[in-house]
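Q: Give me the fold of what follows.
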Amino acid sequence: MEAAQALRELMQLSSQITSAVVLESNGTVLAASSTDPASVDALTASTLELVAAASELGSEGREVTRVEVELDEGAFFVVRDGGRTVGAVTGPNPTSGLVVYDLRTCAQAIDAPEAKKRRASRKKEDTA
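A: Have a look, this model is predicted:
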């Protein structure tokens, strides 16, 4: 699935997420929920800065897979999975586990082969 489609599905599925961005491993924006370039740039920069700050706190060689920051007016989540980084902003008091699950699902859906629809098998006619 393409990143834009995965992000659209995330935004439809999660009522707690107000904005989100999907980044490639090198920081390139693959998809964003906003069409405002300044908002996309701000969310992208915040996502990358948060991952960098969390990386400095961890053991060398260990990859940051999840960061969560809760503020009075909402929360900021970053999930990294499969070479993708998804950053998202929520309203106040989000259900953390559910938001993280939704972000991880979004990241994993990108470039994953879509399930093929199976055709119903035709019933063979009896020949007498």
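
Q: Give the other helices and strands that the biggest helix by length in the chain contacts.
A: For the chain, the longest helix by residue count, based on DSSP state H, is helix 37-57. Secondary-structure packing of helix 37-57 (3 or more Cβ pairs under 8 Å, 6 or more residues apart in numbering; DSSP states H and E): strand 17-23, strand 29-32, strand 66-71, strand 74-81, strand 84-90. Bear in mind the C-beta positions are built from the backbone N, C-alpha and C, glycine included.

Q: where does this structure dip in pLDDT?
A: Counting by pLDDT under 70, the chain contains low-confidence ranges at 59, 61, 112-128.

Q: repeat that with 90
A: 1, 25, 55-64, 72, 82-83, 111-128 (pLDDT under 90).

Q: Would you mark the buried spots in the longest helix of the chain?
A: If you call a residue buried by 16 or more other Cβ atoms under 10 Å, then helix 37-57 has these buried ones: V40, L43, T44, S46, T47, L48, L50, V51, A54.

Q: From those residues, pick the one nearest E2.
A: V40 (17.1 Å; Cβ to Cβ).
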